[in-house]
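> Okay, predicted coordinates and the sequence, questions at the end:
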There are 2 protein chains.
Amino acid sequence: MGLTKTEIFNDKQNKLAQMMKALAHPARIAIIQYLLKSQACICGDLVEELGLAQATISQHLKELKNVGLIQGTIEGTSVCYCIDPKVWKQYKSAFDSFFVPYMSKENCC
Amino acid sequence: MGLTKTEIFNDKQNKLAQMMKALAHPARIAIIQYLLKSQACICGDLVEELGLAQATISQHLKELKNVGLIQGTIEGTSVCYCIDPKVWKQYKSAFDSFFVPYMSKENCC
DNA sequence: TTAATTGATCGCAATATTACAATCAATATA
DNA sequence: TATATTGATTGTAATATTGCGATCAATTAA
């Protein structure tokens, strides 16, 4: 156990859940917000910005990279990270189509 | 360890991460989608709909209840669940304001 | 070449999550 | 009242996540 039964759900559900999971941590939210704001590419001064150890930040960056949300390019000894606009747009539209408006019927709970 | 350092992030970041986490499982995505579609309140025929054990569904429902996304009202022996439109709207707008459009600069990664 | 800087990776410890069988509590039916 | 039905809760096992120190690899500077 401890393992999600992905096989009983459809692709969209699994993908959306994975997207949510990628952002289900304040550090990763903060990283994305930082990259959104400082449009220009940012290397690991995220370590200073957020108050987490370098190894921890590196791990969160890896997770964001794994889902394709960010890219990193090596620049000398440092690595420049930035958001992948294409994937970001995919996320945006996936979330948009999930969050349809909801009106409860009167006869409800 | 194994514990998220919430104190170093701001309220919005923590809250948004928590919202993402609440939906970071295909079963909970499926439950919400089911409740969105069958506007009318639905009890635990979710157990039949999804292929998970009753105890597991109950646990996922509890998590969705904990964040306020759904409500349950007892109706005889069964419990009727439905989405809380107010909270749903809050989620919608929180996600909307996070997913701002992103244009990468040319000089970027 | 040697030393410094940067960031990835490994290994560990602590906690969280997922899933389920078994059981419990409450209501409904016979 | 006795039995069924429904769904919550408990306990347990397996796996995942979070965080960090230590180390490693690559590049840069001296």
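On my side now, so go ahead. Keep in mind that this is a model prediction, so the values were computed, not measured.
> what sits against the closest residue to residue A:49 other than its chain neighbours?
Nearest-residue entry for residue A:49: residue A:34, 6.1 Å, with adjacent residues in sequence omitted and distances by Cβ to Cβ, 6 or more residues apart in numbering or on different chains. Just so you know, the C-beta spots here come from the backbone N, C-alpha and C atoms, and that holds for glycine as well. Listed by Cβ atoms under 8 Å, 6 or more residues apart in numbering or on different chains, the contact set of residue A:34 reads A:42, A:46, A:49.
> Residue A:34: which element?
Counting by DSSP states H and E, the element that carries residue A:34 is helix A:26-37.
> what's the helix or strand following that helix packed up against?
Later in the chain than helix A:26-37, the nearest helix or strand by DSSP H and E is helix A:46-49. Helix A:46-49 sits against helix A:26-37, helix A:54-66, with contacts defined as 3 or more Cβ pairs under 8 Å, 6 or more residues apart in numbering or on different chains; DSSP states H and E.
> Now the phi/psi pair for residue A:13, please.
Backbone torsions of residue A:13, given as degrees, to the nearest 10, read phi -70, psi -40.
> Flag the shaky bits of chain A, pLDDT-wise.
Applying pLDDT under 70 to chain A picks out residues A:40-41, A:43, A:105-109.
> Could you rerun that using 50?
Nowhere does chain A drop to pLDDT under 50.
> Most tightly packed of the helices and strands packed on helix A:46-49?
helix A:26-37 (a mean of 20; mean count of other Cβ atoms under 10 Å in any protein chain shown).
> What residues does chain A have near DNA strand C?
Residues of chain A found near DNA strand C (Cβ under 7 Å from any atom of the strand) are A:1-5, A:43-45, A:47, A:54-55, A:57-59, A:61-62, A:72, A:77-79.
> what about residue A:21, which helix or strand?
Per DSSP H and E: helix A:11-22 holds residue A:21.
> How about residue A:71?
Residue A:71 is part of strand A:70-75, with elements assigned from DSSP H and E.
> Mind exporting the C-alpha coordinates of that strand to PDB?
Extracted in PDB, the C-alpha atoms of strand A:70-75 (Å, rounded to 0.1, in the frame of the first residue of the first chain):
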ATOM      1  CA  ILE A  70      10.800  24.800 -15.500                       C
ATOM      2  CA  GLN A  71      14.000  24.400 -17.400                       C
ATOM      3  CA  GLY A  72      17.600  24.900 -16.300                       C
ATOM      4  CA  THR A  73      20.500  25.900 -18.400                       C
ATOM      5  CA  ILE A  74      24.100  25.700 -17.200                       C
ATOM      6  CA  GLU A  75      25.900  29.100 -17.200                       C
END
